[in-house]
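*Asks:* Attaching a predicted model along with its sequence, questions to come.
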Amino acid sequence: MRVVKKSIMLQARIAAAVTVCAALLSPVAGAQPFPAKPVRLVIGFAPGGGTDVLARMIMQPLSEGLGQPVIPDNRAGADGVIASEIVAGAAADGYTLLITSSSHAINPGIGRKMSYDTLRDFAAVTQTASQQIILVVHPSLPVKSVRELIDYARAKPAALNYGTSSNSVQLSMELFKSMVGISITHIPYKGSGPMLNDLLGGQIQLTFGASVATLPQVRAGKLRALAIGDSKRSALMPELPTVAEAGVPGYQSVIWSGILAPARTPRPVIDRLNQLLVRVLQRPDIKERLVQLGSDPVGSTPEQFHSFIGSEIEKWGKIARLAGVKAED
């Protein structure tokens with residue numbers, strides 16, 4: 001009789017253990033395996049921008065892999081903060097995701113008002129891409145290389161003006177200035193269009209511009225490209241040296257994008273999303289479209305992306321403090 005009772009108790013414990021394991025593998029105990037409904041992708045920027053274009057590029061193949069629709073939700077404002085707040089406060093079940101950009105790591109360092117912690121309140125899924133920025137000058141400026149630009153700026157202190165329409169580009173230039181010890185006056189703009197118009201007109205002399213916007217102007221002879229900001233050359237413009245190669249060792253700056261989920265999203269869900277997204281980013285058609293937009297696909301692990309964001313927060317926070325860059329909330 002005792003043997004029977006022990007056998008029954010053992011079977012009950014095994015059944016209980018199996019139930020617990022099954023619950024852990026599901027986003028919510030008792031729920032259907034992920035995904036059982038459409039996934040909402042919150043985009044931190046307006047339709048038509050670089051991050052939005054990338055989001056819509058990967059949504060359809062991601063939807064096919066998930067077997068569920070992926071619904072875009074543009075929530076522009078405060079350099080991505082509005083969208084980030086939405087996702088940070090969403091249920092941690094994998095059904096609300098965020099696609100964001102470099103500003104996600106820059107905002108803490110410039111004192112932007114946020115109701116979330118940039119690292120603690122999100123689970124990294126993957127870095128999707130990095131978009132090249134190009135150091136460009138107006139053709140009237142008598143410089144044809146990074147070294148000549150540095151020499152010119154040193155010979156004529158404060159004679160040059162650079163324009164930006166975002167804190168990320170401003171910090172890219174401030175990093176360059178701090179590394180080479182030159183003075184160039186910052187001219188802020190409300191949008192990239194007006195800034196580019198003034199650069200083409202010679203009212204300002206240089207900027208770091210996103211490749212998708214500046215490369216056509218370079219090819220038309222309206223701007224002169226000196227170097228790209230990344231640590232490696234771009235497949236779209238292999239003839240163009242990096243800033244590091246051109247005389248500023250250690251310089252690196254890109255406009256990156258990536259996917260985040262709310263903190264505490266179950267690891268099996270994060271892994272499923274990561275595997276599907278990496279597969280999408282490796283597709284030849286997606287890679288080709290990204291390269292044509294001046295971007296390189298990444299597809300990192302969750303750990304790599306989390307670590308990368310942390311290093312970006314530290315890097316740009318130091319530059320923001322050094323240059324006195326503050327958000328205009």
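*Replies:* Structure received. On a predicted model such as this, the values are computed, not experimentally measured, just so you know.
*Asks:* rest of the way, CA atoms for contacts and neighbours
*Replies:* Fine.
*Asks:* what about the stretch 201-329 of the chain, any weak spots by pLDDT?
*Replies:* 329 (pLDDT under 70).
*Asks:* quick one, strands of it?
*Replies:* Ranges of strands in the stretch 201-329 of the chain, per DSSP state E, counting those that start in this stretch, are 206-210, 224-228, 255-262, 295-297.
*Asks:* The last one pairs with which strands, and in what direction?
*Replies:* Sheet pairing for strand 295-297, assigned by DSSP bridges, gives strand 122-131 (antiparallel).
*Asks:* What is the next helix-or-strand element following the partner strand packed up against?
*Replies:* Counting by DSSP states H and E, the element after strand 122-131 in chain order, helix or strand, is strand 133-137. Judged by 3 or more Cα pairs under 8 Å, 6 or more residues apart in numbering; DSSP states H and E, strand 133-137 is in contact with strand 206-210, helix 211-219, strand 224-228.
*Asks:* In the longest one, which residues are buried?
*Replies:* When neighbours are counted by 16 or more other Cα atoms under 10 Å, the buried residues of helix 211-219 are found to be 211-215, 217-218.
*Asks:* Among these, find me the one that's closest to Val87.
*Replies:* Val212 (28.2 Å; Cα to Cα).
*Asks:* List the contacts of the closest one.
*Replies:* Counting by Cα atoms under 8 Å, 6 or more residues apart in numbering, Val212 touches 293-294.
*Asks:* got it, and the one 3 residues further on?
*Replies:* When contacts are counted by Cα under 8 Å, 6+ apart, Leu215 touches no other residue.
*Asks:* which SS class is the closest residue to Gly221 other than its chain neighbours?
*Replies:* Once flanking residues are discounted, Gly221 sits nearest to Pro139: 7.9 Å by Cα to Cα, 6 or more residues apart in numbering. Following DSSP: H, G, I helix; E, B strand; the rest coil, Pro139 is assigned to coil.
*Asks:* The residue nearest the centre of the chain: what's its closest spatial neighbour, skipping adjacent residues?
*Replies:* Centroid-nearest residue in the chain: Ser257, 2.4 Å away (criterion: Cα atoms, centre = their mean). Nearest residue to Ser257 in three dimensions, chain neighbours excluded: Ser101, at 4.2 Å (Cα to Cα, 6+ apart).
*Asks:* Please report how far Met179 lies from Pro38.
*Replies:* 47 Å (Cα to Cα, to the nearest Å).
*Asks:* returning to what we had before: export the helices and strands packed on strand 133-137 as JSON lines, with columns for distance to Arg264.
*Replies:* Rendered in JSON lines, the data for the helices and strands packed on strand 133-137 read as follows (distance: least, Cα to Cα, whole Å):
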{"stretch": "strand 206-210", "distance to Arg264": "34"}
{"stretch": "helix 211-219", "distance to Arg264": "36"}
{"stretch": "strand 224-228", "distance to Arg264": "37"}
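*Asks:* if I pick the closest residue to Phe208 other than its chain neighbours, what's in contact with it?
*Replies:* Of all residues not flanking Phe208 in the chain, Leu135 sits nearest, at 4.5 Å (Cα to Cα, 6+ apart). Contacts for Leu135 (Cα under 8 Å, 6+ apart) come out as 206-209, 225-229.
*Asks:* Turn the residues you listed into TSV, including distance to Pro302 and neighbour count.
*Replies:* Output for those, formatted as TSV (distance: Cα to Cα, whole Å; neighbours: other Cα atoms under 10 Å):
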residue	distance to Pro302	neighbour count
Leu206	36	27
Thr207	33	26
Phe208	29	27
Gly209	29	24
Ala225	35	26
Leu226	34	21
Ala227	31	23
Ile228	27	29
Gly229	25	27
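*Asks:* Asp93 is in contact with Thr265, correct?
*Replies:* Yes: Thr265 is within contact range of Asp93, at 5.4 Å (criterion: Cα atoms under 8 Å).
*Asks:* Now do whichever strand or helix holds Thr51: distance to the chain's middle.
*Replies:* Using DSSP H and E, the element containing Thr51 is helix 50-66. With Cα atoms, centre = their mean, to the nearest Å as the basis, helix 50-66 stands 15 Å off its chain's centre.
*Asks:* Out of the strands of the stretch 201-329 of the chain, flag the one nearest Glu303.
*Replies:* In terms of Cα to Cα, the element of the strands of the stretch 201-329 of the chain nearest to Glu303 is strand 255-262, at 11.9 Å.
*Asks:* Using PDB, write out every CA atom in the helix or strand containing Asp73.
*Replies:* Following DSSP H and E, one finds Asp73 within strand 70-74. This file holds the C-alpha atoms of strand 70-74, laid out as PDB (Å, rounded to 0.1, in the frame of the first residue of the first chain):
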ATOM      1  CA  VAL A  70       3.000  42.800 -37.800                       C
ATOM      2  CA  ILE A  71       1.100  46.100 -37.400                       C
ATOM      3  CA  PRO A  72       3.100  49.400 -37.700                       C
ATOM      4  CA  ASP A  73       2.300  52.200 -35.200                       C
ATOM      5  CA  ASN A  74       4.200  55.500 -35.800                       C
END
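*Asks:* Kindly state the domain boundaries assigned to the protein.
*Replies:* 39-131+254-323, 133-228 (automatic domain parsing).
*Asks:* Out of those domains, flag the one nearest Pro241.
*Replies:* domain 133-228 (5.1 Å).
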